[in-house]
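K.L.:
Sharing a model prediction with you, sequence too.
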Amino acid sequence: MWRYILRRVIIALALVYVVTTIIFLVIHIIPGDPAMLLLSGGGVDPAPEVVDAMRRQLGLDQPIWTQYVDYVSGVMHGDFGRSFQDDHPVAEEIAKRLPRTIELILASAILSVITGIPLGILAALRHGKIMDRVLALGAGLMLSVPVFVTGTLMVLLFAQKLHWVPAGGFVSWSKDPMQHLMYLMMPAITIAIGFSAAIFRMTRTTVLETLQRDWVRTARAKGLPSKVVLRRHVVRNALGPVMTVIGLHMGTLLGGTVLVEYVFNWPGLSGFLVVAVENRDYPEVQGIVLVISFLFIMLNLVVDLLYSVLDPRIRLE
């Protein structure tokens, strides 16, 4: 077990280093001069000597390998540099916005798990019946509607028509916990609609496959109660692929909540990334993408370890 964990951790750390290098190189290959972009904000072409001075100030006049070594050294110490726009530390801005995005993802994941898995099991146990078909049809519809459409419809119905919840915004938990939850509710549900549908479909498929396994037939032939067979021999063996789907979907949401954050005016990390790309702010883009990539890799590491707990055969491969 420990050898398996150590091997997965080493692979994860190697991936983090590779991703760090790729992010640095890709950002510097993108056409456009940040110094020129900053100085020409008013529509006036700056003088060449002014552009050169700005490049020296930003450190862009250094060889790319020097910039790379400085960047990796800073990342190892938690320093992602300073923004080209207003010179604030990138790490501070990420630390302020990242918890908001993580909170949104966790809230939607909890809602998705507590609805998707039980309904998936129920549909599998009622395979071919009306309930199974209705649930499968509903999941297909939920997956086919984009999040910005769902979010906009929820704003129109629950905020503007019924006035049950605010249309969007953010209030910190420390100031007003109840108001914070009110602002969190609609964006979390918007994400959870498609997320729970994906979990439902995977749960239904894996439970149906597991119900046909020989060990399930053997357990039933021994006279074990149906609930015991379902809990011990079906659900546990079927949850492995479901855990993988949950982990991958949560990792995708780390950088993919931008539309939901925009619709509900939620000040998270994804919207911050879009603004940084538009401004050609290299340190901000590098820092945000690196943090998202790191969390995605760590999330997949956790999923791998949980998978090995659910299925001990994985540790022997």
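P.N.:
Cool, got the structure.
K.L.:
Give me the residues contacting stretch 292-301.
P.N.:
When contacts are defined by CB atoms under 8 Å, 6 or more residues apart in numbering, stretch 292-301 is touched by residues 8-9, 12, 15-16, 19, 23, 247-248, 250-251, 254-255, 269, 273. All C-beta atoms are positioned from the backbone trio N, CA, C, and that covers glycine.
K.L.:
Considering those residues, which member attains the minimum pLDDT?
P.N.:
Within the contacts of stretch 292-301, Gly255 has the lowest pLDDT, namely 73.
K.L.:
Look up how far Phe84 lies from that one.
P.N.:
Distance of Gly255 to Phe84, computed by CB to CB, to the nearest Å: 21 Å.
K.L.:
Between these two, which has more neighbouring residues?
P.N.:
The residue with more neighbours, out of Gly255 and Phe84, is Phe84; 23 against 19, by other CB atoms under 10 Å.
K.L.:
Tell me how far that one lies from Gly287.
P.N.:
12 Å.
K.L.:
And for Arg133?
P.N.:
In terms of CB to CB, Arg133 sits 48 Å off from Gly287.
K.L.:
Would you confirm that Phe195 contacts His249?
P.N.:
Yes. With contact defined as CB atoms under 8 Å, Phe195 counts as touching His249 (5.8 Å).
K.L.:
who's in contact with stretch 163-179?
P.N.:
100, 155, 158-160, 180, 182-183, 185-187, 263-267.
K.L.:
how far is it from where the chain is centred?
P.N.:
Averaging C-alpha positions (CA atoms, centre = their mean, to the nearest Å) puts stretch 163-179 22 Å from its chain's average.
K.L.:
What are the buried residues along that stretch?
P.N.:
Of the residues in stretch 163-179, 165-168, 170-171 count as buried by neighbour count, 16 or more other CB atoms under 10 Å.
K.L.:
now stretch 212-220
P.N.:
216, 219.
K.L.:
now swap in stretch 258-269 and tell me
P.N.:
Buried residues in stretch 258-269, counting neighbours by 16+ other CB under 10 Å, are found at 258-264, 266, 268-269.
K.L.:
what about this structure, any weak spots by pLDDT?
P.N.:
Counting by pLDDT under 70, the chain shows low-confidence ranges at 1, 30-35, 37-44, 58, 310-317.
K.L.:
In space, what's closest to Val171 - neighbours in sequence excluded?
P.N.:
Spatial nearest neighbour of Val171, excluding adjacent residues (CB to CB, 6 or more residues apart in numbering): Gln179 at 4.6 Å.
K.L.:
can you tell me how far that neighbour sits from Val155?
P.N.:
As judged by CB to CB, Gln179 and Val155 stand 17 Å apart.
K.L.:
Ok, Ile11 next?
P.N.:
Computed as CB to CB, the Ile11 to Val155 distance reads 43 Å.
K.L.:
These two - which one has more neighbours?
P.N.:
Each of Ile11 and Val155 has its neighbours counted (other CB under 10 Å); Val155 has more, 19 against 14.
K.L.:
give me the number of residues near Leu143?
P.N.:
Residues lying near Leu143 (other CB under 10 Å) number 15.
K.L.:
Find the residue closest to it in space, skipping its chain neighbours.
P.N.:
Leu143 sits nearest to Ala197 (CB to CB, 6+ apart), 4.7 Å away.
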